[in-house]
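1. Build the 3D model from these lines:
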Amino acid sequence: MKDTTMKTLFLNPPSFHRFDCAGARYQARRRTRAMWFPVWLCEAASIMDESRVLDCPAEDISMERMANIAKDYNLVVISTSSATIKMNVKAAEYLKNKQDCKVIFVGPHVSMTAEEIMKTSDVVDGVARREYDFTIKEISEGKKFDEILGLTWRKDGKIIHNPDRPLIKDLDQFPYVSKIYKRDLKIKLYREPELLYPYVSIMTGRGCMFRCTFCLWPQTFFNREYRVRSPEHVAGEVKYIKEELPEVEEIMFDDGTFTAYPDRVDEICDLIKNMDMTWSCNARADVRYETLKKMKEAGCRLLVVGYESADQQILNNIHKGVTEKQMIEFTKNCKKLGIMVHGCFVIGLPGETRETIKKSLKFATDLDLDSVQASVVTPYPGTEIYQYFKEKNLLVNGDLADEEGFQDCIINMPDLPAKQIIKAADDFHVKFFYRPWFFLKMFKMILKDKREFSRILNSGSQFQSYVIKSFYKKFNNK
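-> Numbering: from 1, shown residues only. Model prediction:
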């Protein structure tokens, strides 16, 4: 019997220079050379017999070189984003002009806009909506399109939406994603300014049960149900990384909220505490002290925490479910235990004013966070916050990324126009990082742990370069 299995290329296509897309919640070029691993493409590739992951923005691969690599594959799965969807279509068209292959789009944006995407270009053979791992596997195995759950496709000019695919319950069935990193990716091309270098990011679960209105993945990709790998499976991958990727200095558990099930976190800590592996994770600002203590003892270095805002009304507006009091107490506990905190804030959320932005900046400095990021509010299609801004007539025509790929803003509030929101995000970083006390703190950190030296030097110099370029750009535009 003839083998009908299709060789599959999982592709993060060329777009902007080092555009952080395939594994990032906020798809944009960063102020530093930061880039997340294309984890979802790699997880899907891990269950395929013949596959490869190609990350063009990370490797600075051109359209021509991309097509030259893709010619050996007859199924190409393209990761998309709201900010680059036009570029993604162009990449598909470029491939189709060079070879005969099936092109399937994946990602949150096309999951929410499948009908529109299929009408935009006939080179797109289908959209694998939401969680796409087994949708792609079935396509590669030659299953008839009309039998594949979660697929939007075209028949005789008519667009057909097959029923949704049920959520994957057993995540332990996936091989370790880090095996695909080792096979297909150049690990040292990936950086995050708050993490030790080199690092890898892995997921110990999918989805998130919390209700934040702006968060992309739970609303458009994996739903608000946190499904997790067993502690033993997670520990097994930590052991694999330790042994097979010895250059890795830190693992990032990049689940939306790794700490959501504290008893499970305790179990994982018990299993990995003797592996001598440094790790960090995302956390809500409500983790109990006893769990934080266990995390520290098991090698936890840093928590990435979504504070979002210091204004309680704004937190209520976005259904954050955390109070200012909780955030303060949590941060004090982290400091007591010696766990670093990277604070995430969003500028332009419903209820934002110039005064609430100042309040958030003061909050971040008063808490003495170890680092921060301030993102421009991004209303992605399919999120509650998108619907909110649409109903309030606050959305403006425009792209989610500027001509260089940096975050742009498509929100105009009555007292806070789009340009002011962008400026406020930049100013937040400058005012937080350019403080004498912060410089002294970084110096002490370097003396305490020499591994921090290259991280601080690299991210600091890149941010300084961004600030200088931004200044000259604004000056020349006057």
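2. count of residues packed around residue 50?
-> The local packing of residue 50 (other C-beta atoms under 10 Å) involves 15 other residues. The way it works is simple: take the backbone N, C-alpha and C, and place the C-beta from them, glycine included.
3. Could you check the pLDDT of the closest residue to it other than its chain neighbours?
-> Residue nearest to residue 50 in three dimensions, not counting chain neighbours: residue 7, with 4.6 Å by C-beta to C-beta, 6 or more residues apart in numbering. We have a pLDDT of 96 for residue 7.
4. what residues are up against residue 224?
-> Neighbour list for residue 224: 207-211, 218 [criterion: C-beta atoms under 8 Å, 6 or more residues apart in numbering].
5. Show me which pair in the residues you listed is furthest apart.
-> Greatest spacing in the contacts of residue 224, by C-beta to C-beta: 207 and 211 (12.5 Å).
6. Please say which of the two ends up with more neighbours.
-> More crowded of residue 207 and residue 211, by other C-beta under 10 Å: residue 207, with 20 against 14.
7. any idea whether the closest residue to residue 459 other than its chain neighbours is helix, strand or coil?
-> Of all residues not flanking residue 459 in the chain, residue 193 sits nearest, at 3.4 Å (C-beta to C-beta, 6+ apart). For residue 193, the assignment made with DSSP: H, G, I helix; E, B strand; the rest coil gives coil.
8. Dihedrals phi and psi, residue 193?
-> As for residue 193, its main-chain torsions (degrees, to the nearest 10) stand at phi -60, psi -30.
9. just to revisit the earlier point, output the contacts of residue 224 in CSV, with pLDDT and distance to residue 122 appended to each entry.
-> Shown next, in CSV, are the contacts of residue 224 (pLDDT from 0 to 100; distance: C-beta to C-beta, whole Å):
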residue, pLDDT, distance to residue 122
207, 94, 33
208, 94, 36
209, 92, 39
210, 94, 39
211, 93, 38
218, 92, 32
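10. Present the residues you listed as CSV; the columns should include secondary structure and distance to residue 361.
-> Shown next, in CSV, are the contacts of residue 224 (DSSP: H, G, I helix; E, B strand; the rest coil; distance: C-beta to C-beta, whole Å):
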residue, secondary structure, distance to residue 361
207, coil, 32
208, coil, 27
209, coil, 30
210, coil, 25
211, coil, 26
218, helix, 28
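11. Sort out which one of those lies nearest residue 116 for me.
-> residue 218 (22.1 Å).
12. shouldn't residue 242 be in contact with residue 279?
-> No - Residue 242 lies out of contact with residue 279 (C-beta atoms under 8 Å); the separation is 10.6 Å.
13. So for those two, which residue has more residues nearby?
-> Ranked by neighbour count (other C-beta under 10 Å), residue 242 and residue 279 place residue 279 first, with 25 against 15.
14. Give the bridge partners for that one, please.
-> Judged by DSSP bridges, the bridge partners of residue 279 are residue 251, residue 300.
15. what residues are up against it?
-> So residue 279 contacts 238, 250-253, 272, 298-301 (C-beta under 8 Å, 6+ apart).
16. Got a quick PyMOL command for the buried subset of those?
-> Selection of the buried residues among these in PyMOL, burial being defined by 16 or more other C-beta atoms under 10 Å:
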select buried, resi 238+250+251+252+253+272+298+299+300+301
